[in-house]
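Undergrad: requesting a structural model of the entry that follows:
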Amino acid sequence: MKVAIYLRVSTLDQATKGNTNRDGFSIPAQREACRRKAKELGATQVKEYADRGESARSAARPELQRLLADLCDKKGIEYVVVHKIDRLARNLHDDVMIGLAIKKGGAQLASVTENIDDTPSGQLLHGIMAAIAEFYSRNLAAEALKGATEKAKQGGTPFQAPIGYLNVTERINRREIHTVALDQTRAPLVRWAFERYATGDYGQRQLCAALEKRGLRSRIRRRSVVTPLSLAGLNKMLSNRYYLGYLRYCGVEYKGNHQPLVTPSVFAAVQMVRINHLLRDNKHRHHFHYLSRLLLCSRCGRHLCYSVHKNRYGVNYYYYFCLNRKDRLCDLVYVPVAKVEDAIADEFKKLKFSDSDRKVLVKQVEQELNSEQQFAETEVKQQQQRLNRLLAERENLLQAYYDKVIQADLLKSEQKRIGKDISQAKSVIKEAEQRLATIVFRKDRALLLAEGLDFAKAYINANPAIKRHFCLAFFAKASIDDHVTVQKQQWHAPRHHFVQVTKVSWHEPMNMRHITEAILALSIQRRKKLVKKAK
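TA: Residues are numbered from 1 along each chain as shown. Predicted structure coming up:
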């Protein structure tokens with residue numbers, strides 16, 4: 001007689017807790033009891049099916065499905081033995097469906113602890129035990145939800161904390177307390193991602209690549225491999241208020257006890273960038289101008305789009321046009337880029353700084369430079385630690401290969417991965433050291449420049465990259481209008497454009513990150529001009 005025994009534990013912790021082998025204590029105990037029952041039934045051959053770490057709330061368990069498939073294939077199984085009914089199912093629907101599948105396969109269900117059979121009393125007991133199992137499961141879920149909700153109300157985290165945090169267990173007065181702590185490896189990178197995205201210098205694809213280059217990886221889990229952060233994961237991270245100190249559970253937001261990773265101002269800036277798409281790389285445009293995504297049509301409020309047109313003589317025309325013009329919803333003409341630049345320059349000429357404003361500006365620029373210097377120093381230190389870990393990992397990998405613990409193909413793939421990470425770490429260190437050297441050597445010059453800088457003149461004479469920083473530092477949007485005149489009876493005559501800025505949404509206060517970058521770049525640019533004149 002062939003008998004199949006089915007074993008199950010709900011979690012992997014149950015399967016491994018308290019024992020060094022993969023079955024822990026529960027699976028062997030069930031196996032021994034089921035084999036005794038099979039022996040009582042007169043079994044000559046016992047086949048085992050064991051689901052380790054699978055919940056009975058669903059029938060989609062690999063070993064259970066394999067058992068039912070073997071029954072359908074008529075492999076001669078006469079009995080299916082379980083330790084208890086709840087090992088097989090924890091809801092009435094699955095219990096009925098599994099029971100029908102067992103009967104259809106020509107087998108009979110047997111339980112070690114419950115006296116069930118095909119008699120009316122046995123079937124009644126089976127139904128009662130199945131109902132009790134479903135009640136136990138639903139009641140346990142309700143109690144767990146009630147406890148988790150109360151924990152959330154008190155500021156605890158009743159779920160897996162997002163990347164940048166770690167779920168830890170502490171022992172206080174002989175009690176286990178489950179809490180959340182900062183992940184010292186990933187938290188600085190998450191904070192860096194928020195701060196850099198808030199500046200508007202990075203698109204999400206760029207930021208993903210930069211985080212991968214700096215070594216941000218997902219945490220090690222039992223059912224997943226370590227991978228770089230995906231675009232969807234990055235977008236979810238940037239919108240998650242958990243990093244602001246709040247947590248959301250069952251549709252309700254609570255104030256958390258965990259340490260926030262970002263400030264409210266940085267988080268608000270990140271959301272503004274995500275909504276308005278201020279980044280040039282977000283749309284992957286073929287043509288880009290330093291005023292792109294900053295200009296609005298004063299007539300309809302739609303964004304102005306930068307474009308380049310080449311006529312039949314090979315001459316390029318650069319202009320802005322309203323996106324509603326194609327649908328004939330706006331009558332704003334094609335505005336020459338040069339005219340728009342002159343109009344923006346006129347707005348910069350209106351900027352006025354008093355002596356007190358200038359002192360505040362210099363102080364804020366100094367604070368920003370100190371912050372950037374500290375961040376560059378921290379990044380060099382972190383990446384050096386990462387490099388040391390990778391070198392040690394490579395040595396351990398070679399030693400494992402020499403000890404014949406791993407195969408040559410695994411050695412090759414791991415060496416390739418480690419080599420790539422090492423080159424990325426060295427590249428980040430080099431970039432951070434260059435950035436640090438620039439700040440250290442140009443800091444005093446940048447502060448002197450900020451103290452007496454004529455912003456309008458500096459903006460007009462700056463290159464497009466520096467102009468971009470100036471624009472992002474002072475205003476968020478500018479509305480453009482153009483009143484065109486054409487001489488009568490000369491339809492082919494050139495148009496006369498009168499471009500003006502009708503409205504400007506100024507930053508209050510100004511974006512210190514961008515103004516610092518502009519001043520620092522100007523100090524380097526002026527140094528190059530002086531060297532060129534000296535030669």
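Undergrad: per-residue pLDDT, Asn388?
TA: pLDDT, Asn388: 93.
Undergrad: with the one 5 residues further on instead?
TA: Reading off the per-residue confidence, Glu393 sits at a pLDDT of 91.
Undergrad: do the same with Val501
TA: 93.
Undergrad: that one is in contact with Ala478, isn't it?
TA: Yes. Val501 is in contact with Ala478 according to Cβ atoms under 8 Å; the separation is 5.3 Å. Every residue, glycine included, has its C-beta placed from N, CA and C.
Undergrad: which residues sit in contact with the nearest residue to Gln364 once chain neighbours are set aside?
TA: Leaving aside its chain neighbours, Gln364 sits nearest to Met512 (5.0 Å; criterion: Cβ to Cβ, 6 or more residues apart in numbering). Counting by Cβ atoms under 8 Å, 6 or more residues apart in numbering, Met512 makes contact with Gln364, Val365, Gln367, Glu368, Ala473.
Undergrad: re earlier: so which of Val501 and Ala478 has more stuff around it?
TA: Ala478 (23 against 18; other Cβ atoms under 10 Å).
Undergrad: name the SS class of that one, please.
TA: strand (DSSP: H, G, I helix; E, B strand; the rest coil).
Undergrad: the one 4 residues further on too?
TA: Assigned by three-state DSSP, the conformation of Asp482 is strand.
Undergrad: state the distance from it to Cys72.
TA: 76 Å (Cβ to Cβ, to the nearest Å).
Undergrad: where does pLDDT dip in the stretch 351-500 of the chain?
TA: 486-494 (pLDDT under 70).
Undergrad: roughly how far does Arg196 sit from Gly301?
TA: 30 Å.
Undergrad: swap in Met1?
TA: With Cβ to Cβ as the criterion, Met1 and Gly301 are 81 Å apart.
Undergrad: flag every buried residue along whatever helix or strand Lys37 lives in.
TA: Per DSSP states H and E: Lys37 is located in helix 26-40. Going by neighbour count (16 or more other Cβ atoms under 10 Å), the buried part of helix 26-40 is Ser26, Ile27, Gln30, Arg31, Ala33, Cys34, Arg35, Lys37, Ala38.
Undergrad: and the closest residue to the last one other than its chain neighbours, bridged to which residues?
TA: Just to be clear, that refers to Ala38. Distances taken as Cβ to Cβ, 6+ apart put Val3 closest to Ala38, at 4.3 Å, once the chain neighbours are dropped. Partner residues in beta bridges with Val3, using DSSP bridges, are Val46, Tyr79.
Undergrad: give the burial count for Leu329, as a bare number.
TA: Quick note: Leu329 (other Cβ under 10 Å) scores 12 neighbours.
Undergrad: give me the contact list for stretch 117-134.
TA: Contacts for stretch 117-134 (Cβ under 8 Å, 6+ apart): 56, 84-86, 89-92, 95, 99, 108-111, 114-116.
Undergrad: output the contacting helices and strands for the helix holding Lys37.
TA: With contacts defined as 3 or more Cβ pairs under 8 Å, 6 or more residues apart in numbering; DSSP states H and E, the packing partners of helix 26-40 are strand 2-9, helix 12-16, strand 45-52, strand 77-82.
Undergrad: so for Val168, which of the ones you listed sits nearest?
TA: helix 12-16 (16.0 Å; Cβ to Cβ).
Undergrad: which elements pack onto the helix ranked longest in the chain?
TA: Using DSSP state H to assign secondary structure, the helix with the most residues in the chain is helix 355-402. Helix 355-402 sits against helix 187-199, helix 408-452, helix 512-534, with contacts defined as 3+ Cβ pairs under 8 Å, 6+ apart.
Undergrad: so that helix versus helix 187-199, what angle?
TA: 140 degrees (axes from the mean of the first three to the mean of the last three Cα atoms, to 10 degrees).
Undergrad: list the contacts for the residue nearest to Leu436 when sequence neighbours are not counted?
TA: Spatial nearest neighbour of Leu436, excluding adjacent residues (Cβ to Cβ, 6+ apart): Ala376 at 4.0 Å. Counting by Cβ under 8 Å, 6+ apart, Ala376 makes contact with Ala432, Glu433, Arg435, Leu436, Ile439.
Undergrad: any idea how far the closest residue to the third one other than its chain neighbours lies from Lys443?
TA: The spatial neighbour of Arg435 that comes closest, neighbours along the chain excluded (Cβ to Cβ, 6+ apart), is Ala376 at 4.9 Å. When distance is defined by Cβ to Cβ, Ala376 is 12 Å away from Lys443.
Undergrad: lowest average confidence, helix or strand, in this structure?
TA: Least confident element among the helices and strands of the chain, by mean pLDDT, DSSP states H and E: helix 12-16 (a mean of 52).
Undergrad: before we move on, the earlier item: mean neighbour count and distance to Ser356 added to the helices and strands packed on helix 26-40, as JSON lines?
TA: Shown next, in JSON lines, are the helices and strands packed on helix 26-40 (neighbours: other Cβ atoms under 10 Å; distance: least, Cβ to Cβ, whole Å):
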{"stretch": "strand 2-9", "mean neighbour count": "23", "distance to Ser356": "71"}
{"stretch": "helix 12-16", "mean neighbour count": "17", "distance to Ser356": "63"}
{"stretch": "strand 45-52", "mean neighbour count": "17", "distance to Ser356": "70"}
{"stretch": "strand 77-82", "mean neighbour count": "22", "distance to Ser356": "81"}
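Undergrad: mind checking which of these is nearest Lys339?
TA: Going by Cβ to Cβ, the one of the helices and strands packed on helix 26-40 nearest Lys339 is helix 12-16, 67.3 Å.
Undergrad: list residues touching both of Val501 and Ala478?
TA: Ile344, Glu347.
Undergrad: export the helices and strands packed on helix 355-402 to JSON lines and append columns for distance to Arg325.
TA: Conversion of those to JSON lines gives the following (distance: least, Cβ to Cβ, whole Å):
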{"stretch": "helix 187-199", "distance to Arg325": "32"}
{"stretch": "helix 408-452", "distance to Arg325": "41"}
{"stretch": "helix 512-534", "distance to Arg325": "30"}
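Undergrad: of these, give the one that comes closest to Ala465.
TA: helix 512-534 (6.9 Å).
Undergrad: returning to that earlier point: any of the contacts of Ala376 buried? List them.
TA: Ala432, Arg435, Leu436, Ile439.
Undergrad: list the contacts of the first one.
TA: Put plainly, it is Ala432. When contacts are counted by Cβ under 8 Å, 6+ apart, Ala432 is found next to Ala376, Glu379, Val380, Gln383.
Undergrad: which of the buried residues of helix 26-40 lies closest to Cys250?
TA: So of the buried residues of helix 26-40, ranked by how close each gets to Cys250 (Cβ to Cβ), first place is Ser26, at 30.8 Å.
Undergrad: and the spatially most central residue of the chain, what does it touch?
TA: What sits nearest the mean C-alpha location of the chain, by Cα atoms, centre = their mean, is Leu234, with 2.4 Å. Taking Cβ under 8 Å, 6+ apart, we find Leu234 in contact with Ala193, Gln204, Leu207, Cys208, Leu211.
Undergrad: just the buried residues from the residues you listed, in ChimeraX please.
TA: Remark: buried members of the contacts of Leu234, expressed as a ChimeraX selection using 16+ other Cβ under 10 Å:
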select :193,204,207,208,211
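Undergrad: format the contacts of Leu234 as a markdown table; extra columns: pLDDT.
TA: Formatted as a markdown table, these follow (pLDDT from 0 to 100):
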| residue | pLDDT |
| --- | --- |
| Ala193 | 91 |
| Gln204 | 86 |
| Leu207 | 91 |
| Cys208 | 92 |
| Leu211 | 92 |
